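S.K.: structure, please.
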Amino acid sequence: MRILVLPCDGIGPEIVESSMLVLRAANEKFKLDLSFDYDDVGFESLKKHGTTLRQEVLENAKEYDGVILGTQSHADYPTPEEGGRNVSAGFRIGLDLYANVRPARTRPFLPSSMREGKTMDLVIMREATEGFYPDRNMTKGWGEVMPSPDMALSTRKITRHCSDRIARRAFELAMKRDKKVTAIHKSNSFHMTDGLFLECVYNVAKEFPEVQVDDLLVDAAAAHLVRSPERFDVLVATNFYGDIISDLASELSGSLGLAGSMMASDTNCCAQAQHGSAPDIAGKDIANPVSMILSVAMLLEWMGENKNKPALVEAGAAMIGAVDAVLEDPTKRTSDLGGSTGCKAFGEAVAQAVYGEAVAKAI
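M.R.: Numbering: from 1, shown residues only. Presented below is the predicted three-dimensional model:
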């Protein structure tokens, strides 16, 4: 099985390298027979090819069993006309990666921003191909215009097709967890768009009678994440709401750097850390690679479940367990978590936890 690796910008190459140490250890340990090809996206691609994302990279990615995508510095890219193409959005649209899956959980051995006595273990299922994002809701052009210098308009697109399928993925996931889905919306203001999304969620719910379903206004959901996070299991949301509440949930549970993330279609999957590219610390070997490692673990689990290969699921679970085992030792944490371990050394420690010290160093 083949995986395409795209390190991208900022700390992307460092956290991807650290993740690859762990993935190679899992590959050897569980006899996965994975192979890896590398290519350029982001600023490296812009320098070499005049664009941050070549169309041929997207087309080639469809032929791989999985993609590992590093962080991007999209805010610093030139305009699209000058080659500054949004890499994440390009993959989400180009490969129809509509399900952005973002878990958030507290760990008893790590500090969090939760209220005393509160814990969190939830997953946010975010629709990622439409919504309030102007660069991905039109067939041609952008969903944002300026009729005059003093007026700007933005178009939101919500479709039954996209709402149905993200809702179905949420209920399928809930069946593997605590069998509860909460739909996040603002239908008291967005009557038609959020109204259509809610209608789709409740229609899909009829196919899953074992799953409890409710809904919350997005502002109320933000409050409940702080006040009573234990009430949540799987949250399903349109693009914009899902983006915001997933960052909130991850930060509450400990840090954006501790939360994995994957983007999936029905046939393709891409691992990408939930946080940004942090160019101010790039190249210093101090970045926290946990989010990237966990994202790669999620990719393995997705590949295993979708290709009926239990060894991949087992390997992904082993990577997640190894991350927690290393984090439990305060002396092995990165500086953002109060330790002094470097990015690469953290990856080596997790690789050793996956396989064993001698073999991990050898690979």
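S.K.: how deep is Val145 tucked in, by neighbour count?
M.R.: 12 (other Cβ atoms under 10 Å). Every residue, glycine included, has its C-beta placed from N, CA and C.
S.K.: list the contacts of it.
M.R.: 152-153 (Cβ atoms under 8 Å, 6 or more residues apart in numbering).
S.K.: tell me the secondary structure at it.
M.R.: Here Val145 is recorded as strand under DSSP: H, G, I helix; E, B strand; the rest coil.
S.K.: remind me what whichever strand or helix holds Leu300 packs against, helices and strands.
M.R.: Element membership for Leu300, per DSSP states H and E: helix 290-306. Judged by 3 or more Cβ pairs under 8 Å, 6 or more residues apart in numbering; DSSP states H and E, the packing partners of helix 290-306 are helix 12-29, strand 66-69, strand 262-264, strand 269-272, helix 310-327, helix 343-354.
S.K.: 6 Å instead?
M.R.: For helix 290-306, the contact count by 3 or more Cβ pairs under 6 Å, 6 or more residues apart in numbering; DSSP states H and E identifies helix 12-29, strand 66-69, strand 262-264, strand 269-272, helix 310-327 as packing neighbours.
S.K.: for the stretch 51-200 of the chain, which segments count as helices?
M.R.: Using DSSP state H, counting those that start in this stretch, the helices of the stretch 51-200 of the chain run over residues 55-61, 87-94, 160-176, 193-205.
S.K.: which of these is buried the deepest?
M.R.: Highest mean neighbour count among the helices of the stretch 51-200 of the chain (mean count of other Cβ atoms under 10 Å): helix 87-94, with a mean of 22.
S.K.: now do that one, average pLDDT.
M.R.: Helix 87-94 comes out with an average pLDDT of 93.
S.K.: report the angle between it and helix 12-29.
M.R.: 60 degrees (axes from the mean of the first three to the mean of the last three Cα atoms, to 10 degrees).
S.K.: what does helix 87-94 rub up against?
M.R.: 41-42, 52-53, 58, 72, 97, 128-129, 135-136, 263, 270 (Cβ atoms under 6 Å, 6 or more residues apart in numbering).
S.K.: roughly how far does the closest residue to Leu122 other than its chain neighbours sit from Phe91?
M.R.: Spatial nearest neighbour of Leu122, excluding adjacent residues (Cβ to Cβ, 6 or more residues apart in numbering): Phe232 at 4.3 Å. From Phe232 across to Phe91, the span is 28 Å (Cβ to Cβ, to the nearest Å).
S.K.: what about the closest residue to Asp336 other than its chain neighbours, neighbour count?
M.R.: Distances taken as Cβ to Cβ, 6+ apart put Asn288 closest to Asp336, at 5.1 Å, once the chain neighbours are dropped. The tally of other residues near Asn288 (other Cβ under 10 Å) stands at 27.
S.K.: do the one 10 residues further on as well
M.R.: Neighbour count of Met298, defined by other Cβ under 10 Å: 23.
S.K.: check contacts around it.
M.R.: With Cβ under 6 Å, 6+ apart, Met298 has these contacts: 260, 262.
S.K.: please redo it, this time with the cut-off set to 10 Å
M.R.: Residues near Met298 by Cβ atoms under 10 Å, 6 or more residues apart in numbering: 101-103, 260-264, 269, 271, 316, 319-320.
S.K.: hang on, the earlier thing: dump the helix holding Leu300 to CSV, keeping only the CA atoms.
M.R.: This file holds the C-alpha atoms of helix 290-306, laid out as CSV (Å, rounded to 0.1, in the frame of the first residue of the first chain):
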residue,chain,number,x,y,z
VAL,A,290,1.6,15.0,18.7
SER,A,291,-1.3,16.3,16.5
MET,A,292,0.5,15.1,13.3
ILE,A,293,1.3,11.7,14.8
LEU,A,294,-2.3,11.2,15.9
SER,A,295,-3.5,12.3,12.5
VAL,A,296,-1.4,9.7,10.8
ALA,A,297,-2.7,7.1,13.3
MET,A,298,-6.3,8.1,12.3
LEU,A,299,-5.3,7.7,8.7
LEU,A,300,-4.1,4.1,9.4
GLU,A,301,-7.3,3.3,11.2
TRP,A,302,-9.4,4.7,8.3
MET,A,303,-7.4,2.7,5.8
GLY,A,304,-7.8,-0.5,7.8
GLU,A,305,-11.5,-0.1,8.2
ASN,A,306,-12.1,0.9,4.6
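S.K.: correct me, but Phe232 touches Ala104?
M.R.: Yes - assessed by Cβ atoms under 10 Å, Phe232 is found in contact with Ala104 at 9.3 Å.
S.K.: who has more neighbours, those two?
M.R.: Legend: neighbour count by other Cβ under 10 Å for Phe232 and Ala104, higher for Ala104 (28 against 24).
S.K.: my guess is that one contacts Ser291. True?
M.R.: No - Ala104 is beyond contact range of Ser291, at 11.1 Å (criterion: Cβ under 10 Å).
S.K.: mutual contacts of these two, please.
M.R.: 250, 256, 258-260, 274.
S.K.: how about Glu57: what's its closest non-neighbour residue?
M.R.: Slight slip there: residue 57 is Val, not Glu. Asp39 (5.6 Å).
S.K.: please apply the same query to Ala174.
M.R.: Val234 (4.4 Å).
S.K.: can you pull the contacts of Cys269?
M.R.: 64-67, 95, 97, 99, 101, 262-263, 298-303, 306.
S.K.: thanks a lot, catch you later.
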